[in-house]
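In: just the structure for this:
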Amino acid sequence: MTTGTAPQDSMASPRSWLVGFGHGPSQIYFQANIYTSLLIMVAFLVASWQMAVLVAIACVAQTFTGWVIRTKASDLIFGMQGFSGALVGAATFATLGSQWFSYPIALVGGALAAPVTWLVNALFMRTPLKIYGLPSTTAPFCIVATIIHFGFERWWVESSSMTIDSTTVAFFRSLLTNVSEVVLVDNVWAGALILIGLFIANWKVGLAGLLGSVVGTLCALALGESLTETGNGLSGYSGVLTAIALSVTFLKESVVSWVLALIGTVVTAVVTLWMHDLGVPTYTWPYILTTWVFLVIAHYIPSAERP
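Out: Coordinates of the predicted model:
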């Protein structure tokens, strides 16, 4: 579970960050499972081996930097100082491709994710917001990736996507690409691998991810998102994270948590459409903003308990 804590005074052992690297990719979906991480890394390889290398570099960089700045050992071991870095590596590839300077940028960006994570956690733990127990989740990734996106604008690479003009194709393709686009990959096979990894970690997590994908797609179609964006997973991926986060991760699983997850996924779809209209990198902001708001709401619902 990706809750995150502030750095502690005692430095964890070197083994902690090595184990944490193994859990980093799976923590993108709130899991600390080496098999899930392996399947996610294979999913990156399916998309591009260069992308997989950038993800690994950035994940190692954040995890190691987290160790250097004395992050709590348990946070390192469970991959909480690695998943944002992994996403930074993926975003670097999506923005800059495999140009030679992508690799040092991913290294620095991954390392930067560690102190940014500390800052976001400090905001939630050392201010009046601490009563809500909000997680930093993927916000550090979004912040660092946006810096890279605009800082290296002249070197952007063109992204290609499959053109879709069939609602049926868009719907069924999106069920898997919604899952893969969480890590900026548009590939049904990658999505299938990641979804299998989620079910391996916990069948309820896999079910929540699938639910979020279905609801996200239905909402995207209802809101008039293009079939190409919907079919390529660009309209529904944040809903996958929202569904998992609210149903079985940041709230104790119950009827209430699943209802909040369902409603939250719908709200996430609306926020996604709104952010698309802004013309700025969306990344996982729709999931982040929706989840933060719903966790604040859940604080005032007695039956919505935290784990």
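
In: test my guess that Thr63 contacts Gly85.
Out: Yes. Counting by C-beta atoms under 8 Å, Thr63 touches Gly85, with 6.8 Å between them. Where you see a C-beta, it was placed from the backbone N, CA and C, and this is true even at glycine.

In: tell me which of those two has more neighbours.
Out: Of the pair Thr63 and Gly85, Gly85 is the one with more neighbours under other C-beta atoms under 10 Å, namely 36 against 32.

In: OK, contacts around that one?
Out: Gly85 is in contact with 24, 58-63, 109-111, 113-114, 141, counting by C-beta atoms under 8 Å, 6 or more residues apart in numbering.

In: so which of those is the most crowded?
Out: Busiest of these [other C-beta under 10 Å] is Gln62, holding 39 neighbours.

In: following the helix or strand containing that residue, which helix or strand comes up?
Out: According to DSSP states H and E, Gln62 maps onto helix 49-68. Next along the chain after helix 49-68, taking DSSP H and E as the criterion, comes helix 73-77.

In: residues of that next one that come out buried?
Out: 73, 75-77 (16 or more other C-beta atoms under 10 Å).

In: and for stretch 215-229?
Out: For stretch 215-229, a neighbour-count test (16+ other C-beta under 10 Å) marks 215-221, 225-227, 229 as buried.

In: likewise stretch 278-294?
Out: Buried, per 16+ other C-beta under 10 Å, within stretch 278-294: 281-292, 294.

In: okay if I get those as JSON lines plus pLDDT and secondary structure?
Out: Below are the buried residues of stretch 278-294 laid out as JSON lines (pLDDT from 0 to 100; DSSP: H, G, I helix; E, B strand; the rest coil):
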{"residue": "Pro281", "pLDDT": "90", "secondary structure": "coil"}
{"residue": "Thr282", "pLDDT": "94", "secondary structure": "coil"}
{"residue": "Tyr283", "pLDDT": "97", "secondary structure": "coil"}
{"residue": "Thr284", "pLDDT": "97", "secondary structure": "coil"}
{"residue": "Trp285", "pLDDT": "97", "secondary structure": "helix"}
{"residue": "Pro286", "pLDDT": "97", "secondary structure": "helix"}
{"residue": "Tyr287", "pLDDT": "98", "secondary structure": "helix"}
{"residue": "Ile288", "pLDDT": "98", "secondary structure": "helix"}
{"residue": "Leu289", "pLDDT": "98", "secondary structure": "helix"}
{"residue": "Thr290", "pLDDT": "98", "secondary structure": "helix"}
{"residue": "Thr291", "pLDDT": "98", "secondary structure": "helix"}
{"residue": "Trp292", "pLDDT": "98", "secondary structure": "helix"}
{"residue": "Phe294", "pLDDT": "98", "secondary structure": "helix"}
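
In: now, which of those sits nearest Gly209?
Out: Gly209 has its nearest neighbour among those in Tyr287, at 12.0 Å by C-beta to C-beta.

In: was I right to think the closest one contacts Phe141?
Out: No. With contact defined as C-beta under 8 Å, Tyr287 does not count as touching Phe141 (11.3 Å).

In: distance check, Val255 against Gly197.
Out: 27 Å (C-beta to C-beta, to the nearest Å).

In: just Ser303 next, same as before
Out: Distance of Ser303 to Gly197, given as C-beta to C-beta: 31 Å.

In: which one of these two has more residues nearby?
Out: Between Ser303 and Gly197, Gly197 has the larger neighbour count (other C-beta under 10 Å), namely 27 against 11.

In: and the buried residues of stretch 215-229, which two are furthest apart?
Out: Val215 and Ser226 (18.4 Å).

In: who's in contact with stretch 136-143?
Out: With C-beta under 8 Å, 6+ apart, stretch 136-143 has contacts from 2, 4, 28, 83-85, 87-88, 91, 113, 116-117, 120-121, 124, 241, 245, 281, 283-285, 287-288, 291.

In: repeat the analysis, applying 6 Å as the threshold.
Out: 2, 4, 84, 87-88, 113, 116-117, 120-121, 283-285, 288 (C-beta atoms under 6 Å, 6 or more residues apart in numbering).

In: now render those as a markdown table, adding distance to Gln99 and secondary structure.
Out: Below are the contacts of stretch 136-143 laid out as a markdown table (distance: C-beta to C-beta, whole Å; DSSP: H, G, I helix; E, B strand; the rest coil):
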| residue | distance to Gln99 | secondary structure |
| --- | --- | --- |
| Thr2 | 31 | coil |
| Gly4 | 32 | coil |
| Ser84 | 22 | helix |
| Leu87 | 19 | helix |
| Val88 | 16 | helix |
| Ala113 | 21 | helix |
| Val116 | 24 | helix |
| Thr117 | 27 | helix |
| Val120 | 29 | helix |
| Asn121 | 33 | helix |
| Tyr283 | 21 | coil |
| Thr284 | 24 | coil |
| Trp285 | 26 | helix |
| Ile288 | 29 | helix |
